[in-house]
Every structure is written in structure tokens, then in C-alpha cells.
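Colleague: what's the 3D shape of this:
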Amino acid sequence: QVQLVESGGGLVQAGGSLKLSCTASGRTFGVYAMGWFRQAPGKEREFVAAIGWSSGTTYYSDSLKARFTISKDNAKNTVYLQMNSLKPEDTAVYYCAANLRSLVGFTATPARIDYLGQGTQATVSS
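Modeller: So this is what the prediction gives:
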């Protein structure tokens, strides 16, 4: 089992920034990739970004890659999501995810997720 705990959400004004963190614990040696998803009220969960745990290869949602950056600290078992130039439409619960087999699986429909965190709320006011 892998446990994922997100932090860093909050309330920010439009144009501001937030940095989310996700720390993994448990059987982390089996993690191949980690990623972020988000779900806004009344909408389906959508892929945001993902990173290969060993390779560092990154994938982004095309609509977000100009403003969001995913990174990792293997020593801390932590993945980050830096969100800049935030817009009210970025308001959502942001979920951290882990995949034990592939990186591209996060971008599949439906996304292949082995573990999902509880989520952290990010609210952007206009």
C-alpha cells in the first residue's frame, strides 16, 4: 500500500500562486510515476500533470502547462505542483496520484491510477 497526503491548498486571489505538496509513504519503492489531478464542482476529474519517479520525465495537460510545473524530491518522497497566474477556473480539489506501472497511464482515458490521495482544496477568488 502507498499512502499519499497532499498539502498546500488554500485561498488565493486571481493572478496569485500556490504550491501544492504530496508526500508518499508506505511501499513507495514500487511507485513508477506520480501525478496531479483536479476536480472542480460539477465537473469530472481531469489530468493536470505527471512525473516519472526515476526518470523525471514530465507530462502536462496542454491547457495548463504554461502556468503549472510539477517537480519531485525523491529523498523526501514528495512531489510538488507549482501553480502560477491562477484563475478562478482553477478552483478545484487537487488530488495526488501514484501509478505503479507507467507514466503515460495517467493520460489515458480513463486514467490509470493505483493510489489517490484525499485531495486539497485550492480556491481562486476573482
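
Colleague: going forward, measure contacts between C-alpha atoms and count neighbours the same way
Modeller: Fine.

Colleague: now the strands for the chain?
Modeller: With DSSP state E, the ranges of strands along the chain come out as 2-7, 10-13, 18-26, 33-39, 46-52, 58-60, 68-73, 78-83, 92-99, 115-116, 120-125.

Colleague: Let's test this: mean pLDDT of the second one, rounded?
Modeller: Right, the one you point to is strand 10-13. What strand 10-13 shows for mean pLDDT is 98.

Colleague: Give the buried residues for that strand.
Modeller: residue 12 (16 or more other C-alpha atoms under 10 Å).

Colleague: For the closest residue to residue 103 other than its chain neighbours, list the residues it contacts.
Modeller: Excluding its sequence neighbours, the residue lying closest to residue 103 (C-alpha to C-alpha, 6 or more residues apart in numbering) is residue 33, at 5.2 Å. Neighbouring residues of residue 33 by C-alpha atoms under 8 Å, 6 or more residues apart in numbering: 50, 51, 52, 53, 54, 98, 99, 100, 101, 102, 103.

Colleague: Between the strands of the chain, which one is closest to residue 108.
Modeller: If you check each of these against residue 108 by C-alpha to C-alpha, strand 46-52 wins as the nearest, at 9.3 Å.

Colleague: Quick check: neighbours of the closest one in the sheet, parallel or antiparallel?
Modeller: Neighbouring strands of strand 46-52 in its sheet, by DSSP bridges, are strand 33-39 (antiparallel), strand 58-60 (antiparallel).
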